[in-house]
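Student: just coords:
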DNA sequence: GACAAGCGATTGTCCTAACAAATGCATCCA
DNA sequence: TGGATGCATTTGTTAGGACAATCGCTTGTC
């Protein structure tokens, strides 16, 4: 008793795996937290005990814990120990596709591809994608629905050699299709605004004429800074809003 | 020549300082990048050479470099080396107040305080602020202008003991006033949507009736997870949009 | 009883060392 | 000439150890 309120995380480490030990450990702890096995405020065993118990070196254990501190899932204090962070200060990563968002929230996303064409891109598009002027660009226009209800009208521009096939887009989100062909999105700039819908947009979204819509313009990059995709989307404001989490320096 | 295109960073390390060596090193490199001494794409000397030259261990040098990779300032590839990242993938922190944003972009912000009142908060407000039901809450309604033009209608709710004075709010942004009284905002959740303006809102914002407006609902927390402020704002969509940068896990 | 000093616990910093894996380039062979 | 092979370079992973700094608690003193 007394110090029995420290938690020992149940972990199975696979030393033959190509996944680094520290990452196996950090994801295991993360799952324990997200699965509720570790409650906010719960104290963890100290890093030396953790390392010894799992037969890893202290730097490896430290690195796993540090990864979770960076994610805001753990809080550590010198002389005190390591605790599970309160839920609301946890960093939630946000560069998720609309498709994944909908699936996660238990709704059933579907997509109609309205247009899939190849043509030399306008100067605004090639500039956003950092391509030579006049380069061929694939234009994709899709209507995204959730539970059969129109939610967003999405227009994407992608360099020809990176574009997924028409067939793939009906089944999955754009980002998922890109990942399947080995393209990893790392970062995106986006701008969110609002305006009233045009008659054509309102019709497609099955909303009132001149209804307010959210507009989102996004350019996505891989980790080397190469521009992958530029999109201009509108969302039914009556059915959708953006949630973000911001952190101070 | 040939490999003369690798840069050696000029660094002075102070081993008596309480600032960790890796942090001294990373900030020195960061300054070199931001100061333009290291251009995007510039290749850095490898970590072993860097460590030897500065008489630090390789882990210390690695940690400094890793810190900058996490910030998006450097890109590393196994077998290749370390390069300065393109400007556009650098992480820019985003939890800035509208007031600061406007000032930074060279516009002249001003504020009219429309309401400053103290009353028991409704249940939605006290819940958002994590206060006991019926607690006294300060309600602040302000009209934010840029170069004399209305831009946003902001409503904020703050616990009585944290609220800045009426006078402070006319001169500076809310977050600035909070910081002056020792309250540091660390994180915020926010939700961005859109709708059409009511007649009263349109009049205050000097916009057309039923114009599209951006709505933003935000709750801000300090680093311990204590809720500081809850705000419900509307922005003239014709004059303002939100820019954000998102990062993948 | 209050305040300061001391001590154990815990995380933070820094070091040396070894091997693994990916990349780009040169080389060799068909 | 073209493709496969191998090698040097560079970052990634893991280990083990030493000491420093900080925190909370206990103890001791006035």
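Tutor: Arrived safely, thanks for sending. Keep in mind that this is a model prediction, so the values were computed, not measured.
Student: enumerate the residues of chain A near DNA strand D.
Tutor: Applying CB under 7 Å from any atom of the strand, we find that chain A lies next to DNA strand D at A:20-23, A:55-60, A:77-80. All C-beta atoms are positioned from the backbone trio N, CA, C, and that covers glycine.
Student: what's the farthest-apart pair in those residues?
Tutor: For the residues of chain A next to DNA strand D, the farthest-apart pair by CB to CB is A:20 and A:79; their separation is 28.8 Å.
Student: tell me which of those two has more neighbours.
Tutor: Per other CB atoms under 10 Å in any protein chain shown, whichever of residue A:20 and residue A:79 has more neighbours is residue A:20, with 12 against 4.
Student: what is the burial count for the spatially closest residue to residue A:123 that is not a sequence neighbour?
Tutor: Leaving aside its sequence neighbours, residue A:123 sits nearest to residue A:133 (CB to CB, 6 or more residues apart in numbering or on different chains; 6.1 Å). Look at residue A:133: counted by other CB under 10 Å, it has 10 neighbours.
Student: show the pLDDT at residue A:133.
Tutor: Per-residue pLDDT puts residue A:133 at 80.
Student: ok but it is inside a strand, no?
Tutor: No - under DSSP: H, G, I helix; E, B strand; the rest coil, residue A:133 falls outside any strand and is assigned coil.
Student: pull up the gap between it and DNA strand C, please.
Tutor: Going from residue A:133 to DNA strand C by CB to the nearest atom of the strand, to the nearest Å gives 27 Å.
Student: which other helices and strands contact the helix or strand harbouring residue A:52?
Tutor: Element membership for residue A:52 (DSSP states H and E) is helix A:47-54. Helices and strands touching helix A:47-54, as assessed by 3 or more CB pairs under 8 Å, 6 or more residues apart in numbering or on different chains; DSSP states H and E, comprise helix A:58-70.
Student: with adjacent residues omitted, what lies nearest to residue A:67?
Tutor: With CB to CB, 6+ apart, the residue lying closest to residue A:67 is residue A:26, at 4.3 Å.
Student: I'd assumed that neighbour was in a helix, is it?
Tutor: Yes - applying three-state DSSP, one finds residue A:26 inside a helix.
Student: so it makes contact with residue A:62?
Tutor: No - in this structure residue A:26 lies outside contact range of residue A:62 using CB atoms under 8 Å: 10.7 Å.
Student: settle it for me: which of the two has more neighbours?
Tutor: Shown here are residue A:26 and residue A:62; by other CB under 10 Å, residue A:26 has more neighbours (24 against 17).
Student: pretty sure residue A:116 sits in a strand.
Tutor: Yes - assessed by three-state DSSP, residue A:116 belongs to a strand.
Student: need the contact list for it.
Tutor: Shown in contact with residue A:116 (CB atoms under 8 Å, 6 or more residues apart in numbering or on different chains): A:138, A:139, A:140, A:141, A:166, A:169.
Student: separation between it and residue A:157?
Tutor: As judged by CB to CB, to the nearest Å, residue A:116 and residue A:157 stand 12 Å apart.
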